[in-house]
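*Asks:* Pasted the sequence and its predicted model underneath.
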Amino acid sequence: MQKIIDVLTRKVKDGFVKAGYNEKYGGITVSNRPDLCQFQCNGAMAAAKEYKKAPFQIAGDVVAELEGDSTFSKIESVNPGFINISVGADFLAARVEQMSREEHFGVELPEREKTIVIDYGGPNVAKPLHVGHLRSAVIGESVKRICRFMGNKVIGDVHLGDWGLQIGLIITELKRRQPGLPYFDEGYQGEYPAEAPFTISDLEEIYPYASSYSKEHEDYLEEAQQATAMLQEGNPGYTALWKHILDVSVADLKKNYTELSVEFDLWKKESDVQSYIPDMVQKLKDDGFAHFSEGALVVDVTEEGDKKEIPPCLIVKSNGATLYATTDLATIVEREKLFHPDQIIYLADKRQSLHFTQVFRAAKKSGIAGPGTELIFIGFGTMNGKDGKPFKTRDGGVLRLQALREEINEEVRKKIENNRDYTEEEAENISARVGLAALKYGDLSNQASKDYIFDIERFASFEGNTGPYILYTIVRIKSLLAKYESQGGKISEDMVLLPPISDSETDLYLALDRFADAVESAYEELAPHKICQYIYELSEALNHFYHETMILAQEDEQRKASYLKLVFLVQRVLEQCVDLLGFEAPEKM
């Protein structure tokens with residue numbers, strides 16, 4: 001479905017040509033004076049110099065060619081040469097009627113389906129999810145849903161960290177605490193226990209302790225490094241422990257991600273690509289892309305035009321150890337082999353931008369990433385407290401994601417219980433759904449690259465540009481339609497949208513018509529905040545119309561049916577949008 005601004009632009013360009021001017025001056029923009037008109041063309045101002053005429057005269061000539069076209073309810077030349085445009089009610093109603101009958105509400109899908117891999121930059125195993133993991137999960141999930149809505153095959157990969165020093169630290173500490181476990185007996189011949197000798201709570205205590213202790217005791221750190229090396233060399237006892245760590249951690253992560261409405265198609269890990277590394281490193285050397293520098297193997301990634309120096313991509317350290325860059329490059333090898341992706345999108349803190357620049361350049365330069373594979377980095381800012389510093393607990397620690405969710409759910413619960421009485425089960429269900437919307441919308445409504453202040457009280461508010469306000473708008477429509485059905489009515493496909501007859505109704509039609517533009521823009525820019533911006537504007541337009549219009553009390557049955565179809569379409573569009581953001585509305589609030 002062609003965008004309204006494109007339709008108008010074509011009309012006005014034709015008007016310029018018919019009036020004897022170049023069509024390049026017929027560009028249309030949304031009006032910056034909505035009190036005067038909906039759209040405007042400023043081309044006559046630019047054309048004046050070429051044609052040596054007053055802008056107002058040129059604008060008048062164009063308007064004269066377009067007057068009488070039913071596409072416009074008003075088109076006029078305004079001093080000193082602007083063309084003000086408002087669209088016709090019949091034209092607008094026909095567009096929104098068509099939109100209501102299309103599966104994607106007028107969005108034009110790309111001609112070719114892409115295969116897209118989204119790397120959520122998942123957490124390291126054996127650690128609880130904390131607020132630092134929120135943005136990659138929330139933004140990645142929305143980007144995945146938007147790309148799928150646009151007709152693509154999208155593969156979401158959590159990409160867990162499971163092969164580094166943190167595993168060696170846990171093994172070392174376990175050995176000190178429980179030396180009698182069979183995993184530490186070099187002569188053990190039997191099968192290792194199926195049950196892990198620790199819980200997720202144990203791991204969440206063991207790792208921070210071991211990490212802190214290793215920083216003050218060099219011998220302990222060396223022991224952990226040795227344990228890591230032994231694991232990576234295939235020590236059977238350590239491998240069995242590593243599998244226990246994975247099983248316990250992944251079970252807990254799945255529970256937490258499910259509560260966030262975040263789903264992964266793949267639960268891949270760093271360890272999954274270790275087998276690709278030797279051949280990859282050898283090929284980098286054989287093809288002349290990698291060379292030794294101060295004992296380390298590196299790939300030069302500087303390019304002509306760089307404004308600042310980009311250090312080489314370090315592949316293997318002088319002591320033979322591999323790094324995140326090595327693993328990331330090997331992961332691209334695997335993804336090319338398994339999926340032949342058109343795009344691989346990475347989510348991570350924007351402070352990692354240099355790392356991804358190095359990896360992407362090394363991958364492209366060496367041919368690890370094929371010529372048709374686009375590597376994209378979405379670097380996000382930090383979530384800060386009201387003091388402007390990264391969000392912390394009251395005692396200065398890192399806040400667990402589960403604790404953050406509980407805080408915001410409690411804030412929502414206080415608000416809903418102040419308004420009306422709910423059963424315990426209802427209050428819990430509503431606060432969980434609305435709390436998730438508050439959390440996700442509070443994050444996604446900000447441009448990903450920007451830092452933002454996480455204000456629980458503001459994000460949980462039922463007023464303003466918040467998730468709860470959007471959900472309240474959906475629930476308001478559900479309540480209205482339920483009342484209509486309780487009176488014997490039924491929403492049907494036979495209902496017809498009539499041309500709008502009030503300003504608030506016209507504004508609602510126009511807001512609906514902008515859906516395709518908002519979604520296509522969010523997709524092209526991988527920017528969920530554009531969806532947030534759109535649904536806030538649509539919710540505002542709906543609530544303005546709702547307050548100004550008698551809907552169920554409307555005596556004209558055709559007009560009532562039109563109103564009901566209109567608000568039902570708004571509900572469908574809003575529900576589609578919040579699904580793209582990764583949450584859903586309750587039945588009541």
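*Replies:* Now that the structure is in, tell me what you want to look at.

*Asks:* Give the burial count for the nearest residue to residue 300 once chain neighbours are set aside, as a bare number.
*Replies:* Leaving aside its sequence neighbours, residue 300 sits nearest to residue 312 (CB to CB, 6 or more residues apart in numbering; 5.1 Å). Every C-beta, even on glycine, is put in place using the N, C-alpha and C of the backbone. Neighbour count of residue 312, defined by other CB atoms under 10 Å: 18.

*Asks:* In this model residue 294 seems to touch residue 312, though I could be wrong.
*Replies:* No: contact between residue 312 and residue 294 fails when scored by CB atoms under 8 Å: they sit 10.5 Å apart.

*Asks:* Enumerate the positions of the helix or strand residue 138 falls within that are buried.
*Replies:* Mapping residue 138 onto the secondary structure by DSSP states H and E places it in helix 134-149. Going by neighbour count (16 or more other CB atoms under 10 Å), the buried part of helix 134-149 is 134-147, 149.

*Asks:* Mind giving me the packing neighbours of it?
*Replies:* Secondary-structure packing of helix 134-149 (3 or more CB pairs under 8 Å, 6 or more residues apart in numbering; DSSP states H and E): strand 115-119, strand 153-157, strand 343-349, strand 374-380, helix 424-444, helix 515-525, helix 557-581.

*Asks:* rerun that using 6 Å as the cut-off
*Replies:* In terms of contacts (3 or more CB pairs under 6 Å, 6 or more residues apart in numbering; DSSP states H and E), helix 134-149 is packed against strand 115-119, strand 153-157, strand 343-349, helix 424-444, helix 557-581.

*Asks:* so the second one versus strand 115-119, what angle?
*Replies:* In terms of direction (axes from the mean of the first three to the mean of the last three CA atoms, to 10 degrees), strand 153-157 departs from strand 115-119 by 20 degrees.

*Asks:* For whichever helix or strand comes after strand 153-157, what is the distance to the chain centroid?
*Replies:* The helix or strand immediately downstream of strand 153-157 is helix 165-177, counting by DSSP H and E. Put simply, helix 165-177 sits 36 Å off its chain's centre (CA atoms, centre = their mean, to the nearest Å).

*Asks:* Stretch 147-163 too?
*Replies:* Using CA atoms, centre = their mean, the offset of stretch 147-163 from its chain centre is 12 Å.

*Asks:* ok, residues contacting that stretch?
*Replies:* 109, 113-120, 122, 124-125, 144, 264-271, 523 (CB atoms under 6 Å, 6 or more residues apart in numbering).

*Asks:* Now a PyMOL select for only the buried ones of the residues you listed.
*Replies:* Under the burial definition 16+ other CB under 10 Å, those of those that qualify are selected in PyMOL by:
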select buried, resi 115+116+117+118+119+120+122+124+125+144+264+266+268+269+270+271+523
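
*Asks:* Next, count neighbours for residue 561.
*Replies:* A count of neighbours around residue 561, defined by other CB under 10 Å, yields 19.

*Asks:* Touching, it and residue 497? I think so.
*Replies:* No: counting by CB atoms under 6 Å, residue 561 sits too far from residue 497 to count as a contact (9.1 Å).

*Asks:* Run through the strands of the stretch 151-300 of the chain in chain order.
*Replies:* All strands of the stretch 151-300 of the chain, identified by DSSP state E, counting those that start in this stretch, fall at 153-157, 290-293, 296-299.

*Asks:* Turn these into CSV, columns for mean pLDDT.
*Replies:* Output for these, formatted as CSV (pLDDT from 0 to 100):
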stretch, mean pLDDT
strand 153-157, 98
strand 290-293, 96
strand 296-299, 97
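
*Asks:* who's in contact with the lowest-mean-pLDDT helix or strand in the chain?
*Replies:* The helix or strand of the chain with the poorest confidence is helix 401-419; it has a mean of 89 (mean pLDDT, DSSP states H and E). The contact list for helix 401-419, computed with CB under 6 Å, 6+ apart, reads 129-131, 427, 430-432, 434-435, 438-439, 456, 460.

*Asks:* Between the residues you listed, which sits nearest residue 307?
*Replies:* residue 131 (33.5 Å; CB to CB).

*Asks:* ok, that closest one - contacts?
*Replies:* 383, 391, 399, 404.

*Asks:* Return the member of the residues you listed nearest to residue 192.
*Replies:* Of the contacts of residue 131, the one sitting nearest to residue 192 (CB to CB) turns out to be residue 399, at 35.7 Å.

*Asks:* Just give the number of residues close to the closest one.
*Replies:* 20.

*Asks:* Over to residue 449?
*Replies:* Neighbour tally, residue 449, other CB under 10 Å: 12.

*Asks:* is it fair to say it lies in a helix?
*Replies:* No: under DSSP: H, G, I helix; E, B strand; the rest coil, residue 449 falls outside any helix and is assigned coil.

*Asks:* Per-residue pLDDT of it, please?
*Replies:* In this model, residue 449 is scored at 96, pLDDT.

*Asks:* distance of the residue nearest to residue 127 when sequence neighbours are not counted from residue 182?
*Replies:* Leaving aside its sequence neighbours, residue 127 sits nearest to residue 207 (CB to CB, 6+ apart; 6.0 Å). In this view, residue 207 and residue 182 are 22 Å apart by CB to CB, to the nearest Å.
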